[in-house]
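K.L.:
Got a sequence here, can you model it:
(2 chains)
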Amino acid sequence: MNKKQKKVLYRIIASALIMIILHFVDIDNAVLRFVFYMIPYLIIGYDVLKKAVHGIASLQPCDENFLMAVATVGAIALGQYSEGVSVMLFYQIGELFQSYAVGKSRRNISELMDIRPDHAFIEGENGELESVDPDEVEVGSIIVVRPGEKIPIDGVVEEGSSSLDTSALTGESVPRDIKTGDRVQSGCINMSGILKIRTEKEFGESTASKILELVENASSKKSRSENFISKFARVYTPTVCILALLLAIVVPLFNMLMGNPAAWETWVYRALTFLVISCPCALVISIPLTFFAGIGGASNAGVLVKGSVYLEGLADVKNVVCDKTGTLTEGVFEVTDIIEGSVNKDRLLELAAYAESYSTHPISISIRKAYGTEIDNGRVSDVREMSGHGIEANVDGVRLAVGNAKLMDEMGISYTRTVKPGTAVYVAADGAFAGCILISDRIKKTSAKAVKELKALGIRTVMLTGDVKNTADSVAKELGLDEVYSELLPGDKVTKIEEIIAKQGKGARTAFTGDGINDAPVLSRADIGIAMGALGSDAAIEAADIVLMDDDPIKIPKAIRIARKCMRIVYENIYFAIGIKVLCLVLGAFGIANMWAAIFADVGVMVIAVLNAIRALYVKKL
Amino acid sequence: MKKSYKIDVDCANCANKMENAAKNTAGVKDCVVNFMTLKMNVEFEDGADAKSVMEDVLSNCKKVESDCEIFF
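P.N.:
So this is what the prediction gives:
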């Protein structure tokens, strides 16, 4: 508790104690009784009264201080001393609780996102460490990070090896091993060895700064629910005030007209009850708090949400459209199958690896990797690379042609075309077909599980890819995707997304997930753009609405579950708070609910709504 | 021109009132107050002097909520 809150707490305790004593003491003298009750009232309410007067003076009468002041002064004027003081007392308890809860969750969330480095160490001339402000470190400097410290600036490891705790960035609890030459992101915690890192960016451009900036500005885009609540609050308070006025004046006058007793006191009391209920606090605090907690919980799980409006949208997602390469698959090619022709498998791979030994094409690299043995350059000669087709080379005196179907066709070699999925590399030795090597992109381990979980959430899954049809279809089948569109150019993907959005139906939304490298237009066209593997990629962070810090597709259903939980709590709070208030207003108008019920409708509902809102922070088990 | 300011205010509804007050200040194009992060993001009209506009914003905010502060 801060100083301000402690002061309020002491005032609450003091006036509550006096109230308890007064409850047991009978004071016969009316003036004395009034004076004694005024002591706890002023202790607890002086600031509210002051603000109420200030509010009237600046022509802003309808704020909660004014309402509380009128309600309590009115109750005291009616002789209901203990109720008047209690309303003020409970109002202050509610305010204190709210301010404490909000402060607490603010701190909780900033602790979760505690990735801001305070300093960087650079090595001085004599090898001693010098602590400097990370802002002052120039690009290309060497910084030293000792075990237990945060990496302050993005860079490349120049010396040393260690394991890194990336959980603050990715939510991933398994440490990542790094060695010399690896790229590291700021915000990770160095766990074991001393690292010397050559910085590649300025502090302000580093991952940790970027993420903090994003999280701190996250809630600047307000959601529909938040806008609804602030509009509601603007209308609600004046409406209830007018109703209170009607109850206090019009009803008794009407009674008099009808020749009945006016019963001024009863109706004024009921009107005062209205005023106590009229404060919109519970709603106004609990909805942004829920979003704030939801966004905080999500970022702790490695899901950065750029604003509450996107969390709200994510909860309504009915279609998840994914890119293939790099999203559902690793984006790394590897040899998946070898089909023998005239040459056996091992020899085929060896020949192909030698023929491709000079090429830097990803497919050549994957073949050499699958072969795994050092290439003896002396065995290769007369290499001729034919762009878009393949390679010709002499290996061990054999004239090899290694490439795609076009190459085989052009050279007039008869071969068996494979129907298996993946990229086929045909090998011909001395003009005769020798066999075929199949290369494909490996599906990520968690992709199938992610698709299954999405389906369990009632979401349709669609894959868009530029890859050939049979590869795309086989990936889609293996993952159990609902729909797949293949052989698309980047522009076609935007058209497809638009088609899907046009068909999605009212209230539904379509999310697109990609790695953000070449699908930025699609990311921004989709209702919700989710970029994954964004650690270190500024472009993706710019284009997307939601950023998955690592490239694990399982985070997609997780993010949706977090969003849905958050929205469930938002609606619970809206319905609960408005429901109880309206109920108490109705009961109050008929004289069934007294001022005590009104206090519950105001303070009690707010406490419950705030506690409910904080639940949105806990997303670990989702 | 957009700028972000740290604010201090006690209740969420007061933050909403500050937002409205700031929006209605001359020189302010748009304003979003985030109660949870205690930040006020102000978008100024072209050619407006941020400092003098913010002084008006503060005095307007003080009118609706005496117990508020904007740090600029």
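K.L.:
need the helices for chain B, in chain order.
P.N.:
When assigned using DSSP state H, the helices of chain B occupy the ranges B:12-23, B:50-64.
K.L.:
Including mean neighbour count, could these go into TSV?
P.N.:
C-beta: built from backbone N, CA, C; applies to glycine. TSV is the format used below for the helices of chain B (neighbours: other Cβ atoms under 10 Å in any protein chain shown):
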stretch	mean neighbour count
helix B:12-23	23
helix B:50-64	17
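K.L.:
rank these by pLDDT, which is bottom?
P.N.:
Of all the helices of chain B, the minimum mean pLDDT falls on helix B:12-23 (a mean of 85).
K.L.:
Any residue of that one touching chain A?
P.N.:
Yes - counting by Cβ under 8 Å from any Cβ of the partner chain, chain A is contacted by helix B:12-23 at B:12-14, B:16-17, B:19.
K.L.:
Serialize the residues you listed to a markdown table and add fields for distance to A:E356.
P.N.:
As requested, the residues of helix B:12-23 next to chain A are exported to a markdown table (distance: Cβ to Cβ, whole Å):
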| residue | distance to A:E356 |
| --- | --- |
| B:A12 | 64 |
| B:N13 | 69 |
| B:C14 | 69 |
| B:N16 | 65 |
| B:K17 | 70 |
| B:E19 | 63 |
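K.L.:
got the contact list for the residue nearest the centre of chain B?
P.N.:
Geometric centre of chain B, nearest residue: B:A22, 4.6 Å, by Cα atoms, centre = their mean. For B:A22, the contacting residues are B:28, B:31, B:33, B:40, B:42, B:57, B:60-61, by Cβ atoms under 8 Å, 6 or more residues apart in numbering or on different chains.
K.L.:
near chain A, from these?
P.N.:
Applying Cβ under 8 Å from any Cβ to the contacts of B:A22, none is adjacent to chain A.
K.L.:
so which of the residues you listed comes closest to A:M567?
P.N.:
The nearest member of those to A:M567, counting by Cβ to Cβ, is B:V33 at 22.6 Å.
K.L.:
Which pLDDT value belongs to that closest one?
P.N.:
Per-residue confidence (pLDDT) for B:V33: 87.
K.L.:
Tell me how chain A divides into domains.
P.N.:
Domain ranges of chain A: A:120-149+A:153-205, A:303-329+A:444-560, A:331-442, per automatic domain parsing.
K.L.:
can you put the ones you listed in TSV and add distance to chain B and mean pLDDT?
P.N.:
Conversion of the domains of chain A to TSV gives the following (distance: least, Cβ to the nearest Cβ, whole Å; pLDDT from 0 to 100):
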stretch	distance to chain B	mean pLDDT
domain A:120-149+A:153-205	15	85
domain A:303-329+A:444-560	10	86
domain A:331-442	36	84
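K.L.:
Mind putting the ones you listed into TSV with mean neighbour count?
P.N.:
Converted to TSV, the domains of chain A look like this (neighbours: other Cβ under 10 Å):
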stretch	mean neighbour count
domain A:120-149+A:153-205	17
domain A:303-329+A:444-560	21
domain A:331-442	17
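K.L.:
Am I right that A:G181 sits in a helix?
P.N.:
No - under DSSP: H, G, I helix; E, B strand; the rest coil, A:G181 falls outside any helix and is assigned coil.
K.L.:
quick one, phi/psi of it?
P.N.:
Note on A:G181: backbone dihedrals following degrees, to the nearest 10 are phi 100, psi -10.
K.L.:
Contacts only, for it.
P.N.:
Contacts of A:G181 by Cβ under 8 Å, 6+ apart are A:156-157.
K.L.:
ditto for A:S364
P.N.:
A:356-357, A:391.
K.L.:
Could you tell me how far the helix or strand harbouring it lies from the centre of the chain?
P.N.:
Element membership for A:S364, per DSSP states H and E: helix A:362-371. How far helix A:362-371 lies from its chain's middle: 38 Å, per Cα atoms, centre = their mean, to the nearest Å.
K.L.:
got the CA coordinates for that helix in CSV?
P.N.:
Provided in CSV are the C-alpha atoms of helix A:362-371 (Å, rounded to 0.1, in the frame of the first residue of the first chain):
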residue,chain,number,x,y,z
PRO,A,362,18.4,-25.1,-50.2
ILE,A,363,17.7,-28.4,-51.9
SER,A,364,21.4,-29.1,-52.6
ILE,A,365,22.2,-28.3,-49.0
SER,A,366,19.5,-30.7,-47.8
ILE,A,367,20.9,-33.5,-50.0
ARG,A,368,24.5,-33.0,-48.8
LYS,A,369,23.2,-32.9,-45.2
ALA,A,370,21.4,-36.2,-45.7
TYR,A,371,24.6,-37.7,-47.2
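K.L.:
Next one, pLDDT for A:V215 please.
P.N.:
67.
K.L.:
do A:A301 as well
P.N.:
At A:A301, pLDDT is 85.
K.L.:
Could you dump the contacts of A:S364 into JSON lines and include secondary structure?
P.N.:
Below are the contacts of A:S364 laid out as JSON lines (three-state DSSP):
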{"residue": "A:E356", "secondary structure": "coil"}
{"residue": "A:S357", "secondary structure": "coil"}
{"residue": "A:I391", "secondary structure": "strand"}
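K.L.:
Do a quick rundown of the helices in the stretch 1-150 of chain A.
P.N.:
Taking DSSP state H, counting those that start in this stretch as the criterion, the stretch 1-150 of chain A contains helices spanning A:3-24, A:30-57, A:64-77, A:81-112.
K.L.:
Of all the ones you listed, which one comes closest to chain B?
P.N.:
helix A:30-57 (5.1 Å; Cβ to the nearest Cβ).
K.L.:
For that closest one, name the packing helices and strands.
P.N.:
On a contact count with 3 or more Cβ pairs under 8 Å, 6 or more residues apart in numbering or on different chains; DSSP states H and E, helix A:30-57 meets helix A:3-24, helix A:64-77, helix A:81-112.
K.L.:
What are the buried residues along it?
P.N.:
Of all the residues in helix A:30-57, those buried under the rule 16 or more other Cβ atoms under 10 Å in any protein chain shown are A:33, A:36-37, A:40-41, A:43-45, A:48-49, A:51-52, A:54-55.
K.L.:
Next: stretch B:37-45.
P.N.:
For stretch B:37-45, by 16+ other Cβ under 10 Å, it's B:37-42, B:44.
K.L.:
Quickly name whichever of those is closest to A:D135.
P.N.:
B:K39 (20.6 Å).
K.L.:
Surely the closest one and B:D8 touch.
P.N.:
No - using Cβ atoms under 8 Å, B:K39 makes no contact with B:D8, being 10.9 Å away.
K.L.:
Tell me which helix or strand A:I599 sits in.
P.N.:
Here A:I599 is assigned to helix A:595-599, by DSSP H and E.
K.L.:
following that helix, which helix or strand comes up?
P.N.:
Following helix A:595-599 in sequence, per DSSP H and E, is helix A:605-614.
K.L.:
what's the angle between that following helix and helix A:81-112?
P.N.:
10 degrees (axes from the mean of the first three to the mean of the last three Cα atoms, to 10 degrees).
K.L.:
other SSEs contacting helix A:605-614?
P.N.:
Helix A:605-614 sits against helix A:81-112, helix A:281-300, helix A:555-589, with contacts defined as 3+ Cβ pairs under 8 Å, 6+ apart.
K.L.:
Determine which stretch of those is the most buried.
P.N.:
Neighbour counts (mean count of other Cβ atoms under 10 Å in any protein chain shown) averaged over each of the helices and strands packed on helix A:605-614 peak at helix A:281-300, with a mean of 27.
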